[in-house]
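*Asks:* how would this look folded up:
(chains A and B, ligands or ions: 3)
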Amino acid sequence: MLLYMGKRCLQAVIVLLVVSTLVFFLLRVVGDPATLMLDPNATKADYEDLKRSLGLDQPIHVQYVNFMKDMASLNLGRSYRYKQPVVNMIKDALPFTLQLVGVSLLLAVPLAIVVGVLAAVKRNSLIDSVMTTVTIAGRSIPSFWLGLILMMLFAVKLKILPPSGWGSLKHLILPSVTLAMGLATSTVRMTRNSMLSVMNQDYMKAAKAKGVSPFRLYIGHGLRNSLIAVITLISIQVGHLLGGSIVVETVFSYPGIGRLLINAIMVYDYPVVQASVVLMALLFVVINLIVDLLYSVIDPRIRVR
Amino acid sequence: MDALLEVNDLTIQFRTPEGVITAVEGVGFRVRKGELLCVVGESGCGKSVTALSILRLLADNALYVSGDIQFEGQNLLELSEKEMREIRGSDISMIFQEPMTSLNPVHTIGKQISEAYLLHIEKDKKKAWDKSIEMLKMVGVPDAERVAKSFPHQLSGGMRQRVMIATAMICQPKLLIADEPTTALDVTIQAQILDILSDLQEKNDLAIMFITHDLAIVAKIADYIIVMYAGKIVEEGTPEAIFFEPMHPYTEGLLKCIPRVDQKVDELFVIAGNVPNPSTYASGCRFHDRCPYATELCEKEMPALELRDGRKYACHFTPADRKIRGGAHVD
Ligand SMILES: Nc1ncnc2c1ncn2[C@@H]1O[C@H](COP(=O)(O)OP(=O)(O)OP(=O)(O)O)[C@@H](O)[C@H]1O
Ligand code: SF4
Ligand SMILES: [Mg+2]
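*Replies:* Numbers count the residues shown, from 1 in each chain, chains lettered A, B, ... in the order given. Ligands and ions are numbered 1, 2, ... in the order given. Prediction:
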């Protein structure tokens, strides 16, 4: 177990290294921040000065080594555009994203599991067909579009929720529902299917032969076994969730890491982009580690390894 | 003596996408207290369906078309689902063919053994746990305390089948239905499991309905045998009768399949052809396309299970008739 966790942590470090390297080089390929930061009548000399002050005049390998050093020592530098330390900007934005992702997960997963179990137990009933239709619809609608529709409906037409911004729980509802939808619908499907296949297992029949009630049979014997597949799905979907948070934050002008990242990309604000991307990767890795731990809690076959 | 379990004229169908199939037709038998009834037949002949139907554990697409299942004088088919739950695991329990997949992978052995006890007899978890350890010891599991805390994947197939027996026996049932409990195990383990079962039968006056496709096992343990073919009983009788004087050509064939010590491996006999699928059951004798004595009559008319000269079998002909006609049979 200890060895396993050690291996996972090493993997996490490698992922972070690869991501930071990628973001470093990709940024340097796509554009030059200095040209965007100068006013139109600046001279060639002004340009060279700016590049020097940003450290962008150095050979690329030197820049890379410096960047890695800075990252390792959590020295994230200053934003080119806002001139403030990137650490502060991240510190401001991170809680918002954590809230959004956290609420979405809480909203999506437990509810979806309950619905999925219901659909499996009452398969081919009205409940099941309604769920199937809703989940298919939910999955095929892209999140930016869903976000806009929800905004139109609840903010513009019904005026019961704020269309964008932040500050209260109400502001969180539309973005998190939008973000949760994709994960929720796939979790419902996965729970239903996995529950159906578990219900065909011999041990379910054996449990029934002992005289257990349907509730105990489905929840006590079936659900925990089905969750193994559901957790696998969730660990895969976490990446989509984080990616989705970028879209959702932008649609709802929600001040999280995603919006910070998009705004920074527009102006080639290297330090901000690098820091937010690496942070996203870190979030991804951490959530995956938690999911892995959950596995071993649920499935004893993994525990011994 | 009165029968503990009496099944009369049981017919079971399944709704399938291809239409309704009849898996079991007009099956009747009885099991007395302390008696071991063996049900034999090749794969797919309806043994498991018959067994599962008693505890009403058949899949949702099953239809009980006719018949009744009397247990201690009450028809199980008329009980409510709740009343049925009280019988499952307490008065009648069941063990299954696959010890590898019949235990829940995420629960400890002790929890699975004690579950029925907690449901039917004792609310106290500690006492139930202790009882499960006692049961493990009874079925000969060494180091029972440790095994109770372990998970199914940590045990061998033979151990798991012992666990299944412990689970089935914890409430001291009157009837144990064992659906091919030894098929998935190797020969030495098979013998051990059979010993445990016969032991239980004797000590607890337990009735056992033992399902198998292996006649060699049956010879050792059965008090009474029913032979099933394609959803119907084709012959029944005591082990002496079945083994020394089989009346039905199918039983004859099954007996020939038992390997003998003095036989070379390449001489092993198999009944030609396959068990028909329920969807293709024809109107005549269901064995006719594999039967060496089949006549035109056999193709047209289904023989009934009848008592003749003290023997019950379903064939248009007596062995003597068949001998006179000869038949295409080659030994
Ligand atoms: N739920 C079901 N739906 C449709 N057909 C079924 C169902 N359960 C069983 N059957 C069919 O009923 C027939 C009898 O099956 P059964 O499981 O009783 O055979 P068996 O004698 O136990 O064979 P085996 O030795 O392989 O266990 C088979 O043809 C099987 O396909
Ligand atoms: S009835 Fe005919 S086909 Fe059927 S077992 Fe007897 S002889 Fe064979
Ligand atoms: Mg079977």
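
*Asks:* roughly how far apart are the residue in the stretch 201-305 of chain A positioned nearest to ligand 2 and ligand 1?
*Replies:* The minimum distance from the stretch 201-305 of chain A to ligand 2, using CB to the nearest ligand atom, falls at A:Lys205 (33.6 Å). All C-beta atoms are positioned from the backbone trio N, CA, C, and that covers glycine. Distance, A:Lys205 to ligand 1, by CB to the nearest ligand atom, to the nearest Å: 11 Å.

*Asks:* what sits against the residue lying closest to that residue once chain neighbours are set aside?
*Replies:* Nearest residue to A:Lys205, sequence neighbours excluded (CB to CB, 6 or more residues apart in numbering or on different chains): B:Leu57, at 5.9 Å. Residues in contact with B:Leu57 (CB atoms under 8 Å, 6 or more residues apart in numbering or on different chains) are A:205, A:208-209, B:88, B:94.

*Asks:* change it to 10 Å
*Replies:* B:Leu57 is in contact with A:205-206, A:208-209, B:48, B:51, B:84, B:88, B:94, B:177, counting by CB atoms under 10 Å, 6 or more residues apart in numbering or on different chains.

*Asks:* let's see which of those end up in helices.
*Replies:* A:205-206, A:208-209, B:48, B:51, B:84 (DSSP state H).

*Asks:* with neighbour count and pLDDT added, can I get those in CSV?
*Replies:* Formatted as CSV, these follow (neighbours: other CB atoms under 10 Å in any protein chain shown; pLDDT from 0 to 100):
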residue, neighbour count, pLDDT
A:Lys205, 20, 95
A:Ala206, 27, 95
A:Lys208, 21, 95
A:Ala209, 23, 96
B:Ser48, 20, 95
B:Ala51, 21, 96
B:Met84, 17, 96
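
*Asks:* picking that back up, now for the contacts of B:Leu57: which two are most distant?
*Replies:* B:Ser48 and B:Met84 (18.5 Å; CB to CB).

*Asks:* for chain A, what lies in contact range of ligand 2?
*Replies:* On the criterion CB under 6 Å from any ligand atom, ligand 2 has no neighbours in chain A.

*Asks:* what helices or strands is the helix or strand where A:Glu48 lies leaning on?
*Replies:* Secondary-structure assignment from DSSP states H and E places A:Glu48 in helix A:44-54. For helix A:44-54, the packing partners by 3 or more CB pairs under 10 Å, 6 or more residues apart in numbering or on different chains; DSSP states H and E come out as helix A:33-37.

*Asks:* in stretch B:145-161, what counts as buried?
*Replies:* B:147-148, B:150-152, B:154-155, B:158-161 (16 or more other CB atoms under 10 Å in any protein chain shown).

*Asks:* A:Ala137 is in contact with A:Gly182, isn't it?
*Replies:* No: applying CB atoms under 10 Å as the test, A:Ala137 and A:Gly182 come out as separate, 11.8 Å apart.

*Asks:* what residues are shared contacts of those two?
*Replies:* A:Leu146.

*Asks:* those two: which is more packed in?
*Replies:* Ranked by neighbour count (other CB atoms under 10 Å in any protein chain shown), A:Ala137 and A:Gly182 place A:Gly182 first, with 21 against 12.

*Asks:* tell me the secondary structure for that one?
*Replies:* Recorded secondary structure, A:Gly182: helix (DSSP: H, G, I helix; E, B strand; the rest coil).

*Asks:* distance of it from ligand 2?
*Replies:* A:Gly182 is 62 Å from ligand 2, by CB to the nearest ligand atom.

*Asks:* confirm B:Leu307 sits in a strand?
*Replies:* Yes: assessed with three-state DSSP, B:Leu307 lies in a strand.

*Asks:* could you measure it against ligand 2, distance?
*Replies:* From B:Leu307 to ligand 2 the distance is 16 Å (CB to the nearest ligand atom).

*Asks:* pretty sure that residue is in contact with B:Tyr313, am I right?
*Replies:* Yes: using CB under 10 Å, B:Leu307 is in contact with B:Tyr313, at 9.0 Å.

*Asks:* which ones are touching the closest residue to ligand 1 within the stretch 51-200 of chain A?
*Replies:* Nearest to ligand 1 in the stretch 51-200 of chain A, going by CB to the nearest ligand atom, is A:Asn200, at a distance of 9.9 Å. Residues in contact with A:Asn200, defined by CB under 10 Å, 6+ apart, are B:Ala59.

*Asks:* near ligand 1, which residues of chain A show up?
*Replies:* Residues of chain A lying near ligand 1 (CB under 6 Å from any ligand atom): none found.

*Asks:* closest one of the buried residues of stretch B:145-161 to B:Cys171?
*Replies:* B:Ala148 (17.2 Å).

*Asks:* pLDDT score assigned to B:Val39?
*Replies:* Looking at B:Val39, its pLDDT is 96.

*Asks:* that one: which element?
*Replies:* Per DSSP H and E, the secondary structure element for B:Val39 is strand B:36-40.

*Asks:* can that strand be found next to ligand 1?
*Replies:* No: using CB under 6 Å from any ligand atom, strand B:36-40 stays clear of ligand 1, with a minimum separation of 8.5 Å.

*Asks:* what pairs with that strand, parallel or antiparallel?
*Replies:* Next to strand B:36-40 in the sheet, as set by DSSP bridges, lie strand B:207-212 (parallel), strand B:224-229 (parallel).

*Asks:* what's in contact with the helix or strand that the first one is followed by?
*Replies:* Put plainly, it is strand B:207-212. Per DSSP H and E, the first helix or strand lying C-terminal to strand B:207-212 is helix B:215-221. By CB under 10 Å, 6+ apart, the residues outside helix B:215-221 that reach it are B:36, B:38-40, B:180-183, B:190-191, B:194-195, B:197-198, B:201, B:208, B:210, B:212, B:222, B:225, B:227, B:239-240, B:242-243, B:251, B:254-260.

*Asks:* just checking, A:Ala155 touches A:Leu161?
*Replies:* Yes: A:Ala155 is within contact range of A:Leu161, at 5.4 Å (criterion: CB under 10 Å).

*Asks:* mutual contacts of those two, please.
*Replies:* Contacts common to A:Ala155 and A:Leu161, judged by CB under 10 Å, 6+ apart, are A:Leu174.

*Asks:* pLDDT below threshold where in chain B?
*Replies:* B:1, B:261, B:263-268, B:326-331 (pLDDT under 70).

*Asks:* neighbours of residue 79, how many?
*Replies:* Using chain A here. With other CB under 10 Å as criterion, A:Ser79 counts 21.

*Asks:* ah, I was thinking of chain B
*Replies:* Count around B:Leu79 with other CB under 10 Å applied: 16.

*Asks:* for B:Ile87, see how far away it is.
*Replies:* Remark: distance between B:Leu79 and B:Ile87 (CB to CB, to the nearest Å) = 7 Å.
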